[in-house]
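Q: coords please:
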Amino acid sequence: MRTSADPVDENLREGVIALAREAAAAILEVYEGAFDVERKADASPLTAADLAAHRCIVAGLARLAPDIPVLSEEAADETPAAARRAWRRLWLVDPLDGTREFVKRNGEFTVNIALIDEGVSVFGVIQAPVTGQLWHAQLGRGAFRRDGGADTPIGVRAPAAPPLRVAASRSHRDLRTEALMARIGEVETIALGSSLKFCRLAEGGMDVYPRFGPTSEWDTAAGQCILEAAGGRVIDPKGRPLRYNQRDTILNGDFLALGDPALPWRDWL
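A: From the prediction side, this is the model:
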């Protein structure tokens, strides 16, 4: 398993963190008032907050790293698959992950920014606008939660002991997830939206996040980096780590996110 990449220097790291906070402020400005909800072609919701955060992040990344292209959820249709697959490095951005949670006003939404290097998520930042908490990591160099201006190193719960704490999405729970939890045995289920599930796994608050059904690459890239830097894994049903910008589609397949990589996940599938 790859454990390091070209280092992200302090200026770039802090610049991206500042961008995530700026995007969060733009999101909260919309969140605190009345807003309309549109529907995309796939019926997923879209708000002014998604677009404001997108514009903020794309413009900021162009200033910070003009040589690295950006693939954002809100502009993905503008880049043909053949063009983006030629990119060795790229930013994967979800300006507002958890728009459904945003619309419900439950606070469980995030800003996701990840740097991909030859298919691997090597640097990730996740910002929670409502709480102000932020998580960041660079593969091979540790994962951290930033409260205010201070970084706290974080790590997964390993070994994980029963009852296993299983992250169950508020908006995407299905029969296969329920069946897997039954095979695990003694579990405590925790409902949580957006990429916050990866962050809770990374800091030891949860143990397993099963996801059956499609997600997009920008939904998982930053969270995978943070979880893996904290000692966990994000794998497909064959045990292979998720990889990015390797196919014509930007959809992920089924995956399991594990805090403790030693958990008997093969027995659950």
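
Q: going forward, measure contacts between C-alpha atoms and count neighbours the same way
A: Fine.

Q: which residues of the stretch 1-150 of the chain score low on pLDDT?
A: 1-6 (pLDDT under 70).

Q: what about the helices in it?
A: 10-31, 48-64, 81-84, 99-104 (DSSP state H, counting those that start in this stretch).

Q: make JSON lines out of those helices and add distance to residue 152.
A: Putting the helices of the stretch 1-150 of the chain into JSON lines (distance: least, Cα to Cα, whole Å) gives the following:
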{"stretch": "helix 10-31", "distance to residue 152": "15"}
{"stretch": "helix 48-64", "distance to residue 152": "25"}
{"stretch": "helix 81-84", "distance to residue 152": "35"}
{"stretch": "helix 99-104", "distance to residue 152": "27"}
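
Q: mean neighbour count and distance to residue 230 for the ones you listed - can I get that in TSV?
A: Formatted as TSV, these follow (neighbours: other Cα atoms under 10 Å; distance: least, Cα to Cα, whole Å):
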stretch	mean neighbour count	distance to residue 230
helix 10-31	19	17
helix 48-64	19	25
helix 81-84	13	29
helix 99-104	18	26
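
Q: out of those, the one nearest residue 124 is which?
A: Across the helices of the stretch 1-150 of the chain, residue 124 has its closest neighbour in helix 10-31 (9.3 Å, Cα to Cα).

Q: next, count neighbours for residue 179.
A: By the other Cα atoms under 10 Å criterion, the neighbourhood of residue 179 contains 12 residues.

Q: pLDDT below threshold where in the stretch 151-269 of the chain?
A: 169-173.

Q: now the helices: where do they sit in it?
A: 175-184, 196-202, 217-229.

Q: and these, which is most packed in?
A: helix 217-229 (a mean of 30; mean count of other Cα atoms under 10 Å).

Q: the helices of the stretch 1-150 of the chain: which one's closest to residue 248?
A: Short answer: helix 81-84, nearest of these by Cα to Cα, at 5.3 Å.

Q: contacts for that closest one, please.
A: Applying Cα atoms under 8 Å, 6 or more residues apart in numbering, the contact partners of helix 81-84 are 245, 247, 248, 249.

Q: quick one: contacts for the last one?
A: In this structure, residue 249 makes contact with residue 81, judged by Cα under 8 Å, 6+ apart.

Q: quick one: which of the contacts of helix 81-84 has the most company?
A: Most surrounded of those: other Cα under 10 Å gives residue 245, at 24 neighbours.

Q: shouldn't it be in contact with residue 85?
A: Yes - between residue 245 and residue 85 there is a contact at 5.9 Å, judged by Cα atoms under 8 Å.

Q: closest to residue 116 out of the helices of the stretch 151-269 of the chain?
A: helix 217-229 (8.0 Å).

Q: check the offset of that closest one from the chain's centre.
A: Relative to its chain's centre, helix 217-229 lies at 5 Å (Cα atoms, centre = their mean, to the nearest Å).

Q: in terms of secondary structure, what does that helix contact?
A: Where contact means 3 or more Cα pairs under 8 Å, 6 or more residues apart in numbering; DSSP states H and E, helix 217-229 is packed against strand 89-97, strand 110-117, strand 120-127, strand 134-138, strand 143-147, helix 196-202, strand 233-235.

Q: thinking residue 261 is in contact with residue 233, fair?
A: Yes - under the criterion of Cα under 8 Å, residue 261 makes contact with residue 233 at 6.1 Å.

Q: pick out whichever of the two has more residues nearby.
A: residue 233 (26 against 20).

Q: list the contacts of the more buried one.
A: 224, 227, 241, 257, 258, 259, 260, 261.

Q: show me what contacts the residue lying closest to residue 68 once chain neighbours are set aside?
A: Distance criterion Cα to Cα, 6 or more residues apart in numbering; nearest residue to residue 68, sequence neighbours excluded, is residue 90 at 5.4 Å. Residue 90 makes contacts with 68, 69, 70, 71, 115, 116, 117, as judged by Cα under 8 Å, 6+ apart.

Q: go again with 10 Å.
A: 67-71, 84, 114-119, 121, 244-245 (Cα atoms under 10 Å, 6 or more residues apart in numbering).
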